[in-house]
Each structure stands twice: as C-alpha cells, then as structure tokens.
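Undergrad: missing the sequence, but the structure's below:
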C-alpha cells in the first residue's frame, strides 16, 4: 500500500460562556442594523447636502476639454502614484490602471467625491479657480 496516512482530528473548542443578562433580543439587533442602513442610504440619496451638484459634470468637462483618458487624469490628481511598483521579490509590476479608471469614473458619475487636494489638482490642471468647481452657479470658461 502507498502510505499509511492518518487523518488528524481537529478538536472543537467550546464556545465561550455567554452572559445571558447582556443578550440583546434578535429583533432589536435587526432594528438597529436596519436604522443604520437607512441612514447611509439617505446620505447617498441626498448627495446635494455634502457635495456640489454640478461637480461631477465639471470634472468630466475638464478631462474631455484637455483630451486625456481617465487613467491619465488619475495620474494628474495623484502624481505620487507610480506606473510600476516593486513586489516582495523585487520585480517591477505594473499597477492595474483599472483602479485609476474606476476612481475617475466614479467622480465623473457623482458616485464618489474627490478629496479637497484632488479637487484642487483638478482646478489647477484646468487653470481655473477652485471656486468655479465648487459653486454650482459658476460655469467653466470652456463649456
């Protein structure tokens, strides 16, 4: 016979004792989780409270006006990002441009809001005051 191999039997650890006085009824836990999800959903739906309504549109206009790709725009607003990184073995590995493209796409569709620094870099790249990006009443000079 090939080899006599014995299967190791894993010992099951006993569950730690539960203090029954601290238990929360399942329906209360469900209500708390449901309330938290509702709050998050409401924040996402009411984007106008935490981001300029026209910001996404203006960010896309800037990129299209300068005729660059989303990946190139990613490198404009994140100049410290590199095209290549070194893995744990010392080999150069290309960064997945999908991450940069996804991020810029999310900004341009209004799904995410760029940080203050990133918004500043957009304005600097477009050669416009940052106020134009933030104020909904203001239009880009190259509409």
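TA: Cool, the structure landed. No experiment lies behind these values; they were computed from the predicted model shown.

Undergrad: in this structure, which helix or strand is least confident?
TA: Within the chain, no helix or strand scores below strand 92-94, which has a mean of 51 by mean pLDDT, DSSP states H and E.

Undergrad: for the next helix or strand after that strand, packing partners?
TA: Sequence order places helix 97-108 as the next helix or strand after strand 92-94, per DSSP states H and E. Applying 3 or more CB pairs under 8 Å, 6 or more residues apart in numbering; DSSP states H and E, we find helix 97-108 packed against helix 55-65, helix 70-77. The C-beta positions use only the backbone N, C-alpha and C, and glycine is treated the same way.

Undergrad: Using a markdown table, lay out those together with mean neighbour count and mean pLDDT.
TA: Below are these laid out as a markdown table (neighbours: other CB atoms under 10 Å; pLDDT from 0 to 100):
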| stretch | mean neighbour count | mean pLDDT |
| --- | --- | --- |
| helix 55-65 | 19 | 96 |
| helix 70-77 | 19 | 90 |
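
Undergrad: And these: which comes nearest residue 112?
TA: Residue 112 sits nearest to helix 55-65 of all these, at 9.1 Å, using CB to CB.
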